[in-house]
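> Here is a sequence with its predicted model. Questions after.
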Amino acid sequence: MSTGQVHAMSYRYDVEGVADIDVYEAHDGYEGVRIALGLQPAEIIERVKEAGLRGRGGAGFPTGMKWSFVAQDTGKPIYVVCNADEGEPGTFKDRPLMERDPHQLVEGMIVAGLALNAEQGYIYLRGEFAAAGRALTKAIRQAYERGYLGADVMGSGKRYDLLLHRGAGAYICGEETALLDSLEGRRGQPRLRPPFPAAKGLYSCPTTVNNVESIAAVPFILRNGVDWWRQWGTEKSPGPKLLGISGEVNAPGNYEVAMGTPVREFVELAGGMVDDRELKFWFPGGSSTPLLPGSAADVEYTFEAIMEAGSLLGTGALMFYSDQTCVVDTVLRFTEFYEHESCGKCTPCREGSYWLSQILRRIEVGSGSESDLDLLLDLCDNIFGRVFCALGDGMTSPITSSLKYFRDEYERHIREGRCPFGATPPRRDIPVLEARTVGATVAPPATPQPLKVAGEA
Ligand SMILES: Cc1cc2nc3c(=O)[nH]c(=O)nc-3n(C[C@H](O)[C@H](O)[C@H](O)COP(=O)(O)O)c2cc1C
Ligand code: SF4
């Protein structure tokens, strides 16, 4: 199994002018559509299944299987929806694809349409992605002009239309059913499942919702073959993978790697840790995945190995943090994000995210008490698995995992009455909350202590 950096799906990124259809066509562009037109829809799905492509949006659900669930016999229109919302903190692998090689996604959407007998596709794009919006608008127009889209796709007699829809930048609209509500013009909030979108999705019609990278991968599989795709990774996690690497590395950015590469190599790929600092903790796939300690960096980057290590592959957003970073401050920032983005539909998430932020904030500024740690875990326990969608579950991951590996750091904040890293100045004006759930008495704030230099034991 070859590991390390690859240029499988990103090989056109640096080709001058590839966002233009002439250049794209000169670099194997729309070859996947030609091949797909020569196959039966079921054959396209079968190849995707054989390749073992797993969804790149977070959950890793097999794409071919997902497509085979889309009901074909309802007499209703079938829709292909691309989830281009990419709102998870730390995640930036879809936006570069759309900005630099937009036809790749347009081509993938056409192939997905042919595989599912759909006549209409939608790309639901995060509204803030202005450059991606411009690139896709031009690519879609050019694809219509060349006959890849429209009433008669490449003279095949098949119709396929593609529409770009800009969202308004709510993280919850990346959740597939909230996305569908938003696309229908309603407030984006998750729907009760079942029914799943494959049976009743957009406008109550059979629908697939797939991530940008999942969809863009399919023409490559058709063109280069299943063995080509499977040359990377493992039986259960084959293929190349686009990553966004960020945090305290010298060269944060967008990389493409072979699945199965040890995570430690990603740090090296991104230029190593800033100032040769020690890797303290890292998130494998965005802020909703449990963090892992630096000592776990030898794990292979596959769905199964990361899960065995206690986390999730998530969105391909690897964030690396050094021994100079405060884990409480980091987790607080993410929790504030979830508090802000909670859609408010269900109580444990709406109320719980507020309380989690409050408690974490008071620990971080030095006003926390020992009982706060159990209170945090108790709250997480009352959120995880009891909420309507994965946003609520995800918000507990950084908290429970950081308490698992760095409880001593939380305790140090409480003991010293300040952030030992100086990440946040000590404050005494944070309201002291009654810890009703566990009946604990909140201790009066300790006397503020002088800050020490960050990193000092
Ligand atoms: C709060 C929340 C936000 C999400 N945001 C995205 C997103 O921006 N892009 C994405 O592809 N999937 C996102 N997902 C996952 C989608 O619900 C869905 O699983 C995914 O689009 C399926 O695509 P795939 O099968 O190709 O992975 C999000 C899920 C949740 C709960
Ligand atoms: S878990 Fe949070 S984001 Fe999801 S439906 Fe409930 S309130 Fe909304």
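Received it, and whenever you're ready, just let me know what you need. Ligands and ions are numbered 1, 2, ... in the order given.
> Name every strand pairing with the longest strand along the chain and say which way it goes.
In terms of residue count, the longest strand belonging to the chain (DSSP state E) is strand 240-247. Its sheet considered, strand 240-247 pairs with strand 253-258 (antiparallel), strand 317-322 (parallel) by DSSP bridges.
> Would you mark the buried spots in the first one?
Buried residues in strand 253-258, counted by 16 or more other Cβ atoms under 10 Å: Asn254, Tyr255, Glu256, Val257, Ala258. Every C-beta, even on glycine, is put in place using the N, C-alpha and C of the backbone.
> quick one: contacts for the closest residue to the last one other than its chain neighbours?
What it means is Ala258. The shortest distance from Ala258 to any non-neighbouring residue, by Cβ to Cβ, 6 or more residues apart in numbering, is to Trp232 (3.8 Å). For Trp232, the contact set (Cβ atoms under 8 Å, 6 or more residues apart in numbering) comprises Met1, Ser2, Val6, Ala8, Pro238, Gly239, Pro240, Ala258, Met259, Gly260.
> Show me which of these is closest to ligand 1.
Ligand 1 lies nearest to Gly239 out of those, by Cβ to the nearest ligand atom, at 12.7 Å.
> what's the domain layout of the protein?
Listed by automatic domain parsing, the domain ranges of the chain are 21-230, 240-322, 331-457.
> What ranges does the stretch 301-450 of the chain have for its helices?
Applying DSSP state H, counting those that start in this stretch to the stretch 301-450 of the chain gives helices spanning 303-308, 327-341, 347-364, 371-383, 390-416.
> And the ones you listed: which comes nearest ligand 1?
Between these, helix 390-416 lies closest to ligand 1; by Cβ to the nearest ligand atom that is 3.5 Å.
> do that closest one and ligand 2 meet?
Yes: applying Cβ under 6 Å from any ligand atom, one finds helix 390-416 touching ligand 2 at Leu391, Gly392.
> Counting neighbours, what do you get for the residue lying closest to Val209 once chain neighbours are set aside?
Computed as Cβ to Cβ, 6+ apart, the closest residue to Val209 that is not its neighbour in sequence is Glu176, at 4.0 Å. By other Cβ atoms under 10 Å, the residues close to Glu176 number 26.
> can you pull the pLDDT of Glu176?
Confidence at Glu176, expressed as pLDDT, is 98.
> same deal with the one 3 residues further on?
The per-residue pLDDT reported for Leu179 equals 98.
> for the residue nearest the centre of the chain, phi and psi?
Centre of the chain computed as the mean C-alpha position; nearest residue by Cα atoms, centre = their mean is Thr315, 2.9 Å away. Phi and psi for Thr315, reported as degrees, to the nearest 10, are phi -100, psi 10.
> any idea how far it is from ligand 1?
7 Å (Cβ to the nearest ligand atom, to the nearest Å).
> Please, which helix or strand holds Glu50?
According to DSSP states H and E, Glu50 maps onto helix 41-51.
> Buried residues, that helix. List them.
Pro41, Ile44, Ile45, Glu46, Arg47, Val48, Lys49, Glu50, Ala51.
> average model confidence for that helix?
Here the average pLDDT along helix 41-51 is 98.
> what does it rub up against?
The contact list for helix 41-51, computed with Cβ under 8 Å, 6+ apart, reads 36, 39, 62-65, 67-68, 111, 114-117, 218, 221-222, 226, 229-230, 238-239.
> Of those residues, which are in range of ligand 2?
Of the contacts of helix 41-51, not one also sits near ligand 2 (Cβ under 6 Å from any ligand atom).
> Report the separation between Pro206 and Pro77.
8 Å (Cβ to Cβ, to the nearest Å).
> Sorry, slip of the keys, the one I care about is Gly167.
On the measure of Cβ to Cβ, Gly167 and Pro77 end up 22 Å apart.
> one step back: restricted to buried residues, select the contacts of Trp232 in ChimeraX.
Listed next is the ChimeraX selection for buried residues among the contacts of Trp232, using 16+ other Cβ under 10 Å:
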select :6,8,238,239,240,258,259,260
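> returning to that earlier point: okay, Pro206 and Pro77: which has more neighbours?
Pro206 (25 against 14).
> show me the contacts for the more buried one.
Per Cβ under 8 Å, 6+ apart, neighbours of Pro206: Val70, Ala71, Gln72, Thr74, Lys76, Ile78, Tyr79, Pro197, Ala198, Ala199, Lys200.
> Tell me how many other residues crowd the nearest residue to it once chain neighbours are set aside.
Of all residues not flanking Pro206 in the chain, Ala71 sits nearest, at 4.2 Å (Cβ to Cβ, 6+ apart). Neighbour count of Ala71, defined by other Cβ under 10 Å: 16.
> Dihedrals phi and psi, Ala71?
phi -60, psi 130.
> Looking at the stretch 101-250 of the chain, which residue is nearest ligand 1?
Closest approach between the stretch 101-250 of the chain and ligand 1, counting by Cβ to the nearest ligand atom: Gly174, at 2.1 Å.
> Just give the nearest non-adjacent residue to that residue, would you?
Excluding the flanking residues, the one nearest Gly174 by Cβ to Cβ, 6+ apart is Asp85, at 3.7 Å.
> Wait, that neighbour touches Leu179, no?
Yes: with contact defined as Cβ atoms under 8 Å, Asp85 reaches Leu179; the gap is 6.5 Å.
> give me every residue that touches the closest residue to ligand 2 within the stretch 1-150 of the chain.
For the stretch 1-150 of the chain and ligand 2, the shortest gap (Cβ to the nearest ligand atom) falls at Gly87, measuring 12.0 Å. Shown in contact with Gly87 (Cβ under 8 Å, 6+ apart): Arg126, Gly169, Ala170, Tyr171, Cys173, Gly174, Glu341.
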